[in-house]
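**Q** Give me a model of this one.
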Amino acid sequence: MTYFYSQNYNQLYNQYGEDYMRAINRHFLSQQKALGKEFWFSHNPATPYPGSSFEMEVNWIKEAYGITSFNSQNLQQVGEYWRLIN
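**A** Numbers count the residues shown, from 1 in each chain. Below is the predicted model:
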């Protein structure tokens, strides 16, 4: 699996700010979608996490795939993870 991670995330966040870091994350998600990657979630994306980066990622994925809400047609729980069905 591929995921967006930087050991220096906090330093970069402090240097460039939240908007810049979220733009980088959205760009990463866009690249992964263009490469045909599957999207998996470590948390249930139907559960709200207001103001979090996770919420931003979930909202981007919903918009990118035209999803208004998660249901059994577009989300499958596999063990402790959730897989986007597209």
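**Q** Tell me where this structure is predicted with low confidence.
**A** Along the chain, segments meeting pLDDT under 70 are nowhere present.
**Q** Let's check: the centremost residue of this structure is which one?
**A** Averaging the C-alpha coordinates of the chain gives a centre point, and the residue nearest to it by Cα atoms, centre = their mean is E57 (3.2 Å).
**Q** so that one makes contact with Q32?
**A** No: applying Cβ atoms under 8 Å as the test, E57 and Q32 come out as separate, 10.7 Å apart. Using the backbone N, CA and C atoms, a C-beta is placed for each residue, glycine as well.
**Q** got a list of contacts for the biggest helix by length in the chain?
**A** Taking DSSP state H as the criterion, the chain has its longest helix at helix 18-34. For helix 18-34, the surrounding residues in contact (Cβ atoms under 8 Å, 6 or more residues apart in numbering) are T2, F4, Y9, L12, Y13, F39, S53, M56, E57, W60, I61, A64.
**Q** any idea how far Y13 is from R26?
**A** Taking Cβ to Cβ, to the nearest Å as the measure, R26 and Y13 are separated by 15 Å.
**Q** which SS class is the residue of the chain most remote from its centre?
**A** Ranked by distance from the centre of the chain (Cα atoms, centre = their mean), the top residue is Q15, with 22.5 Å. What DSSP: H, G, I helix; E, B strand; the rest coil gives for Q15 is helix.
**Q** Thanks a lot, see you next time.
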